Structure formats: structure tokens, C-alpha cells
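[1] With the sequence up front, the predicted model follows.
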Amino acid sequence: MVVDDDQDLAEMLGIVLTSSGFDVDLVSRGDEALEVFRNNPPDLVLLDVMLPGIDGIEVCRLIRQESMVPIVMLSAKGETQDIVRGLEAGADDYMQKPFRDKAELIARIRTRLRRTNADVTGLLTIGDLTIDVTAHEVHRGATTIQLTRLEFDLLVALAKDPGRVFTRDSLLSEVWGYRHSTDTRLVNVHVQRLRSKIEHDPEHPEIVMTVRGVGYKAGGPA
Amino acid sequence: MNGIRKALSHSLSTKVILSTVLLSLGVISLVGSALNSRLSDGLRSSSFNSAISESKFTFFDAEYKLAISRNSTVEERKKILADIVVNATTQVVKEARREIIFLKVPSKAKLKVSYVMTSARIKEASIPEDLRSKVAKSNNIENAYAPIEEASGVNREVLIVGKRVNIPSGGLYEMYIVFSLENQTATLSLIRNSLIFTGFALIFLISLITWLVLRQVVKPVREAARIATQFTQGDFSQRMKIESQDEMATLANSYNEMAQSIEQQISRLENLSRVQQRFVSDVSHELRTPLTTLRMASEVIYNQRTSFDPLVARSSELLAAQIDRFERLLEDLLEVSRFDAEVAVLEPVEFDVVALISRCVKDFEIGEVDTESGIRIVSDAPVVQLQADIRRVERIMRNLLSNALDHADGQEVVVTIVATETEVGIGVRDHGSGLDESALIRVFDRFWRADPSRARVRGGTGLGLSIALEDARLHNGELDAWGRPGQGAHFVLTLPRKAGATIEGRPIKVAPKDFHEENFYL
């Protein structure tokens, strides 16, 4: 599903995505996006920030309330604030217009749709959490914790190798599929969100820990 | 002395009060001494006149009494003389004391009887010689001021009035009346003391009044100065209080009008520049969406170019290349507008600058198929940790390298990295056509090109170096340029190793080591 108020860009995105083998729904208004989303649940949402009706960040929040579908924000503004706001609203990734090339757009979309960590199967334990990679579920005791696909991928990437320190750059390439990027804000925001869901006290994390000046690592099994 | 001079030049009140005191001191001493001399002159002449007229009467009385004593005996005559003396000396109680003395006019004739007589304290020697000779020769009343030695040994100023009198059977005698000036002197000193006291009291009062008046003037002036200072420091809302209708109010009014007008001007200019910056930023943002569409469309066309006829295929290549260039220009323009709007933020991380430069160089070498330019990295340490915004440092390096490669004329480009405890210096040296003095001044200007006719090999936007300079300054660093015609150019980036610190020196001097000024000018 592509939500963008610029008809020509939306159409062009449609052409590019269709030619790469995707089925595309085009929506041009923020307030129509949710209806289309419910009628025909997509595998991925490309969402512009500035939309008539309700803006992209609000749409993102609303979609996130009912679904864990991957959301990629499209933004004409590269300002830090907008990016962070979008990510905090639940977006998994963002792309800044103009895209470097369409190959990058397609690559990002494919990464988001692909099951990352396909090599990992079975159960992982980290702290008091049990991660069922095959069923794509995270349990703490009897309760199931709802994670978006991206948060799940991030957790698995860290948990499959407990104690190893991942730099933000290596996480970017492993989880987000970036070939080279120096925008590590993406990692920071998602780690914060993941912590708020899985940690007992997000201020003093025990599962996803920060290694100062380097990156992150997962704590060992309890 | 210095303290006084400082107080004088720093405080208006001190200056005004001091000059008031000095001026009034002058005026009062002038007026006081004039008054003093007028009063003492008047006093002297009035006491002199009364002394003379009194003397006339006394002399007349004495001459009359002596004249009618012609037939008396010597004893009787002496008695008469004694009466004259007693009468004159005890005449008036209120007045100052006077003394009388009878002296023989010096003559050759020897007389048996001496009528020389004096009231208690006067000695013959006390009467000055010149007065005595005047009295002896003339028939008139003569006078003189003279000091008289008292029995106690104190010299006192007195008025002596004398006349020649004829004592029957005694011959010619000089009769002197000595008037004490004690009262007069006392009065005069009283007047002088009062004048001096009044003078000092006046000066004190005048300075007090001056101080009070000055306070009224200086206080609003100080207030005005305070407000003007705050205004200078950027608080444009400061206004002076108007509490009266006087000149201070006029001053405050015109000041406030000026402040108002400046504030309006500034806010108008601020607004204008904000509008302009906003416009640049908006334009850049608005262009992004159509550019994205353009870009994707051109890519779709470009990917199909093998199926077009050659002209269309070439056109699609040009289209794709120009869209690339357009995009870079837009990116740079947006960055410049961020610097202009002062919204550029530093996001420092710790990284190895040598590795970063190696990566940039490698990226350039991949693209370098058709030119022979090579880049050599010279670093005295294999790893140099730096705390800075890696995105910006990378951009600076890419801009410097691409600029150097563009102007290297196929010769080697050398990147030098020198680190000290506090700074990192990165020099990029090429040996191409170089820069002359006028070019050096403008090299960081936006859209400025060293040689307009030069082929734009790498398709730089013309904003690269100016953005690099802004990036360096955002780090509290510096970017210096050096160049000589035909000797190549040298750009030196100096950054503090800790984010937020300032640079204290330049590890790499901007004049390159391989260049010697004297050889160049020989």
C-alpha cells in the first residue's frame, strides 16, 4: 500500500513497484488510508509524512494500534525531529526523498518483507524471555509480548549471539538491510521502543544493554 | 593622583562637584576679601575722623587752659597739666583707652622747669622721630600710625595725634594723644573671621546643593545608560520610564522612539531574512517530491535505453545524469539554508578519522577509471580517534578530495594527517594549476569557480567548499586554504579532538612543507 498525496509520485511508485512484482494500492488522503488498510490488509505500508486529512505520523500511530505490519515512512524533510517523530509513532524505517535510486527503495522493501534471520530456528532464551523464532512470538512466562516484525528481528539478531557486541552500523545492515548508512538514529529509536516493551525497567535495561561508544548487546539467559 | 584622575573621568558627579567647589571658592574669596577691605577701610576712617575731632577739642581745651594760666605758679600749672591728662584719658568709658604725653620741643634754651608729663604707660621713645619733628615745626595737628611697645613688651598698633602747645614760662611743648586701636582691631578680626566662616559654610552648602541637583540629573542619565546597555546586549524591549515633563522626559521620549524604530527595523530585517531562509528551505523541500518522481521515471526510461534508437538512448543518459546533478545541488542548497538559518546540529560520535579518509579515498578510486590522479595518505599514526559529526567530516573530506582531484591536473594528491593531544590536522595537497591571491579570498564563496572555463569533471555544485567551511566551523574547527599559481593548492582542516572543544593551534601549517617562498620568487 502506498499513501502519498502527490498523485504523480504515487503513480510512479506504483509503476516501479508493480514492475518489481508487487501488488500496489494507491491512497492519496490520510483519512482514507485506514479504511483501505482494513479492507485490504497489505504486507507493507509506504507512508508519506505530509498528507491531507490526517498526517502520516497520525496514520502510522493508528495503523500500529491494530497491526504489526512493516511501515516505511517517506519524508521530504530530512530534519531529525520529523524522522524521530515518525519512528516513535511506530514506523520501522524511513526514506528521504528523493530516493538515491529505485534499487535502494526496492531493496529496503524486500528487507522489510523478508524473514530476516532465516538461519535461526527454534527457541531462544534471553533473560526471562523465550523467543519462538519459528512462530514469531515472544513470551515472558505465560504472557505473550506483541512486537512488530522489525522489533522482533532486532531482538533475534541480538539474542542469537548473546554477549556479542553489535555496532549500530552492523545492526543497520543486518536488520534494516542498509548497504551503507551513517544514520544511527534509526537504531537508537528502535532500541528504546523494544526496551519499553520487553524490559522490566526500561531505564535500567537487563536484556538489551548499551555498550558505551560501541553499540548494543544482549544479556545472557537468566 | 591617578585615582583622582580616574574618579574625574569616570564620575560626572565628582567632576561637577569639584569644579563647583573650586569656582565658588574663587568667587567667595574674591567677594569676601573685597568686603573685608571695604569694611576695614570704613572702620579705620571713621575711627580716625572721630580721633582727630576729639583731639582738636582736647588740644583746644589744653591750649585754652594753659593760656589762662599765665599768671599761675609753676605748681598750679603742673596741676592744670595733670588735670588735662586725667580728663583726656578718662574722658569716655566706652571708648578705647587713650594716653597723653607732653614732651619738650628740643631747643637750645635751658629752662629750669620741666613740664614733661605722661599718663602711665607711654615712654618718650615711643613717639616716632619724624612725627616729633613735624609737630615741632608746624602749627597744625599732625598724626601717625605707629607700633608702641607696652610695658608687657607687646607691640601694638596705635594712632598718635600731636600738636605743638605753648606752656607759659615753659616754652614750646609737644602734646600727643595716643589712641589705642584695640577695639578697631578686634572688630576687624571679628569681621574677617565671620567672612571666612560664612565663606566656608557657603561652599559647603553650594556643594551640597550641587550634589542634590546633580543626583536628580545623573540618576536618570545612569538609568538611561543602563537601559541602552541592555538594548545593546540584544534586549530590544527595554524602554526608558517617563515620569515628568522636563528635558529628561524629552530625552527618554526620543530614546524610546529610536529604540522603537530600531526594534521595528531589526524585526523587519529578521522577518525578511527568516522569510527568505524559509523560502529557500521550502523551495528545496517542495522540489524533492517532483524530483523523486522525475528520478524514478528517468530510471525506468534509462533502464530501457538499449531498446531505443541511439539519440533517444543518449538523451535518457543525459537526463539521468542531470537529474543526479540537480539532486546534489538541491541537497547542497538545503544544507546551506540550514547553516543560514542556524539550525544545523552537530551529532558527534567517536570514530577513527584515518579509516574514514581511507574509505573516502577508496570510493574515489573506484570512480577514477579515466583519470590518472592518485591519492596518497600520509599519517604518523595508524589510528586517530576523533569525536565529531562523522557525516559532516566525511562530507568535508569528500568535498576537499573531489576539489583536489578536479584541479590536480593528473598529478598525485597527498592527504596528510597529523594529530596532537587536542587537535587533528588534515591537509589535502595537490600540485595542479594552483590559486592566486584573488582566488584564495573567494575560494570559499558560494558558486565561485577558480576557472569558469574549466570542465566540470566531477560535476561539483559550487557549494562544496563553502559547505565544508561551515561544517568545519560548526565543529569549532577551521578550514584554511593556500595556493600559488602553478604550485598547486593546499587545504588544511583543523578539528578539535573532543566535540565542543576549541582549537588552540594548527598541527599542519597551511603553507605546505614542499614549498619555499624564496625559491618561488627567485
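    Looks like it came in fine. Numbering: from 1, shown residues only, chains lettered A, B, ... in the order given.
[2] Give me the helix or strand of chain A that scores worst on average pLDDT.
    helix A:80-88 (a mean of 76; mean pLDDT, DSSP states H and E).
[3] And chain B, by the same measure?
    helix B:517-521 (a mean of 53).
[4] Not counting stretch A:34-44 itself, show me its contacts.
    A:1, A:25, A:27, A:45, A:59, A:62-63, A:66-67, A:69-72, A:109, A:112-113 (CB atoms under 8 Å, 6 or more residues apart in numbering or on different chains). C-beta: built from backbone N, CA, C; applies to glycine.
[5] okay, how far is it across that stretch, tip to tip?
    End-to-end span of stretch A:34-44 (CA to CA, to the nearest Å): 13 Å.
[6] Pull the residues that contact the least confident helix or strand of chain A.
    By CB under 8 Å, 6+ apart, helix A:80-88 touches A:49, A:56-57, A:60, A:73, A:75, A:94, A:185-186, A:189-190, A:193, B:345.
[7] mind running it again at 10 Å?
    A:47, A:49-50, A:55-57, A:60-61, A:71-77, A:79, A:91, A:93-94, A:96, A:183, A:185-186, A:188-190, A:192-193, B:343, B:345, B:347 (CB atoms under 10 Å, 6 or more residues apart in numbering or on different chains).
[8] Under the pLDDT cut-off, which ranges of the chain? List them.
    Using chain A. For chain A, applying pLDDT under 70 flags the ranges A:77-80, A:100-101, A:115-121, A:179-183, A:220-222.
[9] Let me rephrase: I mean chain B.
    B:1, B:90-97, B:108-113, B:120-122, B:150-154, B:366-373, B:450-460, B:516-522.
[10] From chain A, how far out is the residue of it positioned farthest from its centre?
    What lies farthest from the middle of chain B is B:Asn71; by CA atoms, centre = their mean that is 96.9 Å. If you measure B:Asn71 against chain A using CB to the nearest CB, to the nearest Å, the figure is 143 Å.
[11] Helix, strand or coil: sort out that residue for me.
    Under DSSP: H, G, I helix; E, B strand; the rest coil, B:Asn71 falls in the coil class.
[12] Now the residue nearest the centre of chain A. Its backbone dihedrals?
    Nearest to the geometric centre of chain A sits A:Asp92, at 2.0 Å (CA atoms, centre = their mean). Main-chain torsions, A:Asp92, degrees, to the nearest 10: phi -90, psi -30.
[13] Test my guess that it contacts A:Leu113.
    No. Shown here, A:Asp92 and A:Leu113 do not form a contact pair, counting by CB atoms under 10 Å, at 11.1 Å.
[14] Find residues that contact each of these two.
    A:Leu44, A:Pro70, A:Arg149.
[15] Now render those as JSON lines, adding distance to A:Val84, secondary structure and neighbour count.
    Shown next, in JSON lines, are those (distance: CB to CB, whole Å; DSSP: H, G, I helix; E, B strand; the rest coil; neighbours: other CB atoms under 10 Å in any protein chain shown):
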{"residue": "A:Leu44", "distance to A:Val84": "21", "secondary structure": "coil", "neighbour count": "21"}
{"residue": "A:Pro70", "distance to A:Val84": "19", "secondary structure": "coil", "neighbour count": "22"}
{"residue": "A:Arg149", "distance to A:Val84": "21", "secondary structure": "helix", "neighbour count": "18"}
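[16] elements contacting the longest strand anywhere in chain B?
    Selection of the longest strand in chain B by residue count, based on DSSP state E, yields strand B:155-167. Under the contact criterion of 3 or more CB pairs under 10 Å, 6 or more residues apart in numbering or on different chains; DSSP states H and E, strand B:155-167 touches helix B:12-67, helix B:74-89, strand B:98-104, helix B:129-137, strand B:142-149, strand B:171-180, helix B:182-232.
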